[in-house]
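1. need a 3D model of the following:
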Amino acid sequence: MPMTVGTGIGTDMHAVPTRARALEELGYDFVAIGETTANPFLPLVLVAEHTTRLNFGTSVAIAFPRVPHISANLAWDLSRYSGGRFVLGLGTQVKGHNERRFSVPWAPPGPRLRDYINCMRAIWDSWQNGTKPDYEGEYYQYKLTSPMFNPGPIEHPDIKVVISAVNPFNARLAGEVADGIAIHGFSTFKYIREVLLPAVHEGARRAGKDLKDLKISGGGFVVTGRTEEDVAVARERSRRQISFYASTRSYSKVMSTHGWDDEAAHLHRLSIEGRWDDMVPIITDDMMEEFCVIGTWDELPGKMREKYAGLNTQVGFGGEPRNPDEVAQIKELIAELKTIPAVGEV
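-> Have a look, this model is predicted:
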């Protein structure tokens, strides 16, 4: 599949209609909303309503606070309303957030997510084809319904599911039971090539899938701006964000790949003490080069080609044009990004 270009759209529902139309006009292929400060599904209804070509999805919705039937319903409705343009992106989050933020009991996240997706697909099959509810997994089941509770078939029932992954197990799961992977931003390009993508490919081979049909998006931080000064500001903002992610023990394998175990342990200790500002300088410029694509708008297509060629099927870029000249510049930039060779083209 050719390279596509995506971006975030924000959660201000007053602004989403205008912004969605503008992003479609600029040439974006995909817009996403993550589950951070707001429900990610509600604004996507507005994206569906106010665009005709733009694909969209959650990147990502946290799976376990919602049972599979709830997520299945949300995805079914959005696929029906948008003519099949919705992609369901799911993530597991870490144990602390599940237990202490979402009040969800913790269980091994990989096996549980496999069960979750299989259960959703059984639900969709029941709705589309009238098959008898007969799914029973380790964590979830779907064995009861009635005509009153069945929304019935839709025109686009093949809803794509992608999994966010930082660790190899979920990357294998993405290749095996999902339609692709949304690689976490906290992933160096070395880690993606040496750890995550081989795991995705292994999962796909287990399931007998063709690798060229998988969606691969995300990975790394795109640090950019109109001028060198803008890039410098964006660089320090990303450095702070990377220091936060690097303090999370669940993501330690990324740091270990580069021999940064001591730095990861130090960052974790500082995070426990709430010393967020002291964490930032630990992320060196050399680390930034491993995690990021850094350059002005003019430099970005070439630099992203170096990092992403043959790696992804979708790359991300965000830019806010302030005048007609910048609108034209961003349109040209997006068109150039679409010429980067995707997975299987290198």
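2. which residues touch residue 49?
-> Neighbour list for residue 49: 17, 81 [criterion: C-beta atoms under 8 Å, 6 or more residues apart in numbering]. C-beta: built from backbone N, CA, C; applies to glycine.
3. tell me the predicted confidence for the spatially closest residue to residue 4 that is not a sequence neighbour.
-> Distances taken as C-beta to C-beta, 6 or more residues apart in numbering place residue 29 nearest to residue 4, at 3.8 Å, with adjacent residues excluded. Looking at residue 29, its pLDDT stands at 98.
4. and residue 29, how far from residue 140?
-> Distance of residue 29 to residue 140, computed by C-beta to C-beta, to the nearest Å: 32 Å.
5. cool, and residue 338?
-> Noted for residue 338: a distance of 39 Å to residue 140, by C-beta to C-beta.
6. could you do residue 289 as well?
-> According to C-beta to C-beta, residue 289 and residue 140 sit 43 Å apart.
7. neighbour count for these two, which is higher?
-> Shown here are residue 289 and residue 140; by other C-beta atoms under 10 Å, residue 140 has more neighbours (19 against 12).
8. mind listing what's buried in stretch 86-97?
-> By neighbour count with 16 or more other C-beta atoms under 10 Å, stretch 86-97 contains the buried residues 86, 87, 88, 89, 90, 91, 92, 93, 94.
9. which residues are in contact with stretch 187-198?
-> Against stretch 187-198 from outside (C-beta under 8 Å, 6+ apart): 165-166, 168, 171, 181, 183, 216, 218-220, 253-254, 257-258, 290-291, 307, 311.
10. filter these to the buried ones?
-> Among the contacts of stretch 187-198, the ones that count as buried by 16+ other C-beta under 10 Å are 165-166, 168, 171, 181, 183, 216, 218-220, 254, 257-258, 290-291, 307, 311.
11. among those residues, name the ones in strands.
-> Among the buried ones among the contacts of stretch 187-198, the members falling in strands (DSSP state E) are 165, 181, 183, 216, 218.
12. okay if I get those as CSV plus distance to residue 241 and pLDDT?
-> Output for these, formatted as CSV (distance: C-beta to C-beta, whole Å; pLDDT from 0 to 100):
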residue, distance to residue 241, pLDDT
165, 18, 91
181, 21, 96
183, 16, 95
216, 22, 96
218, 14, 94
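13. can you lay out these as a markdown table showing distance to residue 232?
-> Shown next, in a markdown table, are these (distance: C-beta to C-beta, whole Å):
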| residue | distance to residue 232 |
| --- | --- |
| 165 | 31 |
| 181 | 31 |
| 183 | 26 |
| 216 | 30 |
| 218 | 24 |
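14. most widely separated two among these?
-> 165 and 216 (10.6 Å; C-beta to C-beta).
15. now the common contact residues for these two.
-> 181, 183.
16. which neighbouring elements make contact with the lengthiest helix in the chain?
-> As assigned by DSSP state H, the longest helix anywhere in the chain is helix 109-129. Taking 3 or more C-beta pairs under 8 Å, 6 or more residues apart in numbering; DSSP states H and E as contact, the helices and strands that helix 109-129 lies on are helix 68-82, strand 86-91, strand 135-136, strand 141-142, strand 160-165, helix 168-177.
17. among these, which comes closest to residue 238?
-> In terms of C-beta to C-beta, the element of these nearest to residue 238 is strand 160-165, at 18.6 Å.
18. list of residues touching the closest one?
-> 57, 59-60, 87-92, 113, 117, 120, 170-171, 173-174, 178-184, 196, 215, 217-218.
19. any idea of the mean pLDDT in stretch 103-111?
-> The average of the pLDDT scores along stretch 103-111 is 95.
20. show me where pLDDT drops low in the stretch 201-346 of the chain?
-> Low-confidence segments of the stretch 201-346 of the chain, defined by pLDDT under 70, span residues 346.
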